[in-house]
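Asks: Based on what follows, work out the 3D shape:
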Amino acid sequence: MTSNGPSDATPNAADAGVPPLIVNGQYIKDLSFEVPGAPGIYGELTNKEPQISVNVEVQAKAAQETLFEVTLHIVAECKVGESIAFVCELAYAGLFTIVVPREHLQAMLLIECPRLLFPFARNIIADATRDGAFPPLMLSPVDFAAMFRNKVASMGQEAPIAPQTA
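Replies: Sure, this is the predicted structure:
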């Protein structure tokens, strides 16, 4: 029987039979739901149309050589007139093992990983708003590839190679 020595360990996932992306776990890092104008705000909802703004950001950092933490930061704010109805903030993260060529690492971290996390984060936001006595906020799908392209364009360079630390 032959054994593979350390020199046989390559980042080529196809040769090693290792999937290029493994979800090791996912979790809520932080969740906050606030209704600063309760209980009066509930009465205002019947008279005025609420205005909802949502901000989504992605952060990635290395935990080990091929282990990365990717965090979705979602802030949803609902206003009725000038009053804040609610603010929901979620930091939802996942631990991913990623074995791809270095030039594809940023795209995996900032497109594929958040794409896998988003449905779970969307559900948490919907549950939190519903449990706060509002209609569930169903977030629209997010185009993480466009977010990535915009980030690269705003940096005025090609995609960065090393993951950003939070």
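
Asks: show me what contacts the residue most central in space within the chain?
Replies: Centroid-nearest residue in the chain, with CA atoms, centre = their mean: Leu72, separated by 2.2 Å. For Leu72, the contacting residues are Val56, Glu57, Val58, Leu90, Ala91, Tyr92, Ala93, Pro114, Leu117, Phe118, Ala121, by CB atoms under 8 Å, 6 or more residues apart in numbering. Where C-beta positions appear, they are placed from N, C-alpha and C, glycine not excepted.

Asks: Filter these down to the ones in helices?
Replies: Using DSSP state H, the members of the contacts of Leu72 that fall within helices are Pro114, Leu117, Phe118, Ala121.

Asks: quick one on the thing from earlier: closest to Gly132 among the contacts of Leu72?
Replies: Here the nearest of the contacts of Leu72 to Gly132, counting by CB to CB, is Leu90; it sits at 13.1 Å.

Asks: Just the pLDDT for that closest one.
Replies: Leu90 carries a pLDDT value of 98.

Asks: repeat for Pro135
Replies: For Pro135, the pLDDT comes out at 94.

Asks: I'd like the next helix or strand past the lowest-mean-pLDDT helix or strand in the chain.
Replies: Every helix and strand of the chain was ranked by mean pLDDT, DSSP states H and E. The lowest is helix 13-16, at a mean of 54. Going down the chain from helix 13-16, the next helix or strand is strand 21-34, by DSSP states H and E.

Asks: Pull up the pairing partners for that following strand, direction included.
Replies: Using DSSP bridges, the strands paired with strand 21-34 are strand 83-98 (antiparallel).

Asks: which stretches of the chain have low pLDDT?
Replies: Scanning the chain with the threshold set as pLDDT under 70 gives 1-16, 156-166.
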